[in-house]
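Asker: have a look; sequence and predicted model below, questions after that.
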Amino acid sequence: MTTLSLTDGRTGSTSWRDYLALCKLRVVAVMLITLVVGFCLATPAAPDVWLLVLTSLGVGLAAASAAAVNHVLDASIDCRMARTARRPLPQGRVSQRNALIFAAVLGCLGITLLNLAVNAVTAWLTLASLIGYAGIYTAILKRATPQNIVIGGVAGAAPPLLGWTAVTGSVDFQGLLLMLIIFAWTPPHFWALCIARRDDYARAGVPMLPNTHGVAYTHTQILLYTLLTILATLLPFLTGMSGWLYLVGVTLINLRLLQWALILKRSSDASIPMKMFRYSIVYIMVLFAILLVDHYWPAFV
């Protein structure tokens with residue numbers, strides 16, 4: 001494979017779609033789904049729709065800013081990976097300077113909106129998450145340790161807590177519990193992708209777990225973190241945060257997640273890692289949907 005070189009942004013015409021690509025809208029959308037659920041679970045009453053819109057917009061802008069910074073910091077890596085080589089920076093459609101300006105504008109707008117229209121706690125926590133993902137994880141941990149996704153996962157797990165603090169103005173146990181679920185889920189989710197793309201990461205020189213410790217070891221870690229995820233997802237029921245409807249629903253999707261982790265560990269089929277990765281995306285969205293349905297179910301029965 002020919003290695004692409006990073007350009008200064010003058011080799012291709014730039015369109016608004018390139019700037020949208022910098023925002024990683026699919027990732028941001030999943031984050032906002034969990035934020036909405038955290039927001040709704042923070043109150044027994046109907047949610048304040050206007051406050052929810054402002055919170056989602058502010059956090060969404062900040063998350064898009066972090067994604068754009070990620071594009072800049074990872075540009076040299078993206079050039080060497082088939083999965084990312086068509087991104088705007090490796091292709092020279094957006095310069096690093098313009099991408100950073102774009103990220104700065106988005107970040108400032110998002111944090112300012114949260115501080116003025118939501119509350120200071122949510123604004124500061126969002127800023128900390130932005131710095132944690134773009135600065136600490138992308139710039140340092142990703143290149144320094146195969147445990148990068150575990151340590152850096154704290155920033156990515158913040159959205160449901162941000163939804164909670166937008167309503168309450170405080171960091172409470174329930175909000176942290178929602179954050180714990182995503183924190184536990186992130187390693188098996190991402191390591192499944194790393195197994196499927198391990199050649200790409202090796203070419204880019206990124207020390208992902210399958211390359212530093214082997215695929216078999218990664219299979220075991222995925223299984224262990226899957227079990228940790230299952231335990232974490234039982235806590236909303238055990239603490240009285242959610243009811244029986246949630247327990248039944250989460251048990252069903254947990255059994256399927258565990259099945260995928262066991263299949264992955266026992267099978268040599270090269271298609272299994274991506275299948276588990278795709279299911280893990282569906283899993284986290286369905287889990288938070290079940291939390292939401294369980295929360296409002298008593299109002300309809």
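Answerer: Here it is on my side, so go on. Small disclaimer: the values here were computed from a predicted structure and weren't measured. Numbers count the residues shown, from 1 in each chain.

Asker: quick one: the helices in the stretch 151-300 of the chain, in order.
Answerer: Under the criterion DSSP state H, counting those that start in this stretch, helices of the stretch 151-300 of the chain are mapped to 159-168, 173-196, 198-204, 209-213, 215-238, 244-266, 272-296.

Asker: let's have those in a markdown table, adding mean neighbour count and distance to residue 21.
Answerer: Yep, even glycine has a C-beta here, placed from its N, CA and C like the rest. Formatted as a markdown table, the helices of the stretch 151-300 of the chain follow (neighbours: other CB atoms under 10 Å; distance: least, CB to CB, whole Å):
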| stretch | mean neighbour count | distance to residue 21 |
| --- | --- | --- |
| helix 159-168 | 27 | 21 |
| helix 173-196 | 22 | 19 |
| helix 198-204 | 18 | 18 |
| helix 209-213 | 19 | 27 |
| helix 215-238 | 19 | 29 |
| helix 244-266 | 17 | 29 |
| helix 272-296 | 19 | 19 |
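
Asker: could you check how far the residue nearest to residue 277 when sequence neighbours are not counted is from residue 240?
Answerer: Closest residue to residue 277 apart from its sequence neighbours, by CB to CB, 6 or more residues apart in numbering: residue 192 at 4.1 Å. Residue 192 sits 33 Å away from residue 240, going by CB to CB, to the nearest Å.

Asker: and if you look at residue 157?
Answerer: For residue 157, the distance to residue 240 equals 22 Å [CB to CB].

Asker: how about residue 214?
Answerer: 42 Å.

Asker: so which of these two has more stuff around it?
Answerer: Per other CB atoms under 10 Å, whichever of residue 214 and residue 240 has more neighbours is residue 214, with 12 against 8.

Asker: can you pull the contacts of the closest residue in space to residue 135 that isn't next to it in sequence?
Answerer: Once flanking residues are discounted, residue 135 sits nearest to residue 69: 7.8 Å by CB to CB, 6+ apart. Contact partners of residue 69, counting by CB atoms under 8 Å, 6 or more residues apart in numbering, are 100, 103, 134-135, 138.

Asker: make a ChimeraX selection of the buried ones in the residues you listed.
Answerer: In ChimeraX, this line selects whichever of these come out buried by 16 or more other CB atoms under 10 Å:
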select :103,134,138
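
Asker: any chance of the contacts of residue 69 in TSV, with distance to residue 36, secondary structure and pLDDT too?
Answerer: Formatted as TSV, these follow (distance: CB to CB, whole Å; DSSP: H, G, I helix; E, B strand; the rest coil; pLDDT from 0 to 100):
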residue	distance to residue 36	secondary structure	pLDDT
100	30	helix	94
103	24	helix	95
134	23	helix	81
135	26	helix	78
138	26	helix	73
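
Asker: which one of the contacts of residue 69 is nearest residue 39?
Answerer: Residue 39 lies nearest to residue 134 out of the contacts of residue 69, by CB to CB, at 23.6 Å.

Asker: mind listing what the closest one touches?
Answerer: Going by CB under 8 Å, 6+ apart, the list of residues near residue 134 reads 65-66, 69-70, 73, 103.

Asker: between which two of those residues is the distance greatest?
Answerer: Within these, 65 and 73 form the most distant pair, 12.7 Å apart (CB to CB).

Asker: coming back round to it: of the helices of the stretch 151-300 of the chain, which shows the lowest average pLDDT?
Answerer: Lowest mean pLDDT of the helices of the stretch 151-300 of the chain: helix 198-204, a mean of 82.

Asker: for residue 212, which non-adjacent residue is closest in space?
Answerer: Using CB to CB, 6+ apart and skipping residues adjacent in sequence, the residue nearest residue 212 is residue 146, 4.3 Å away.
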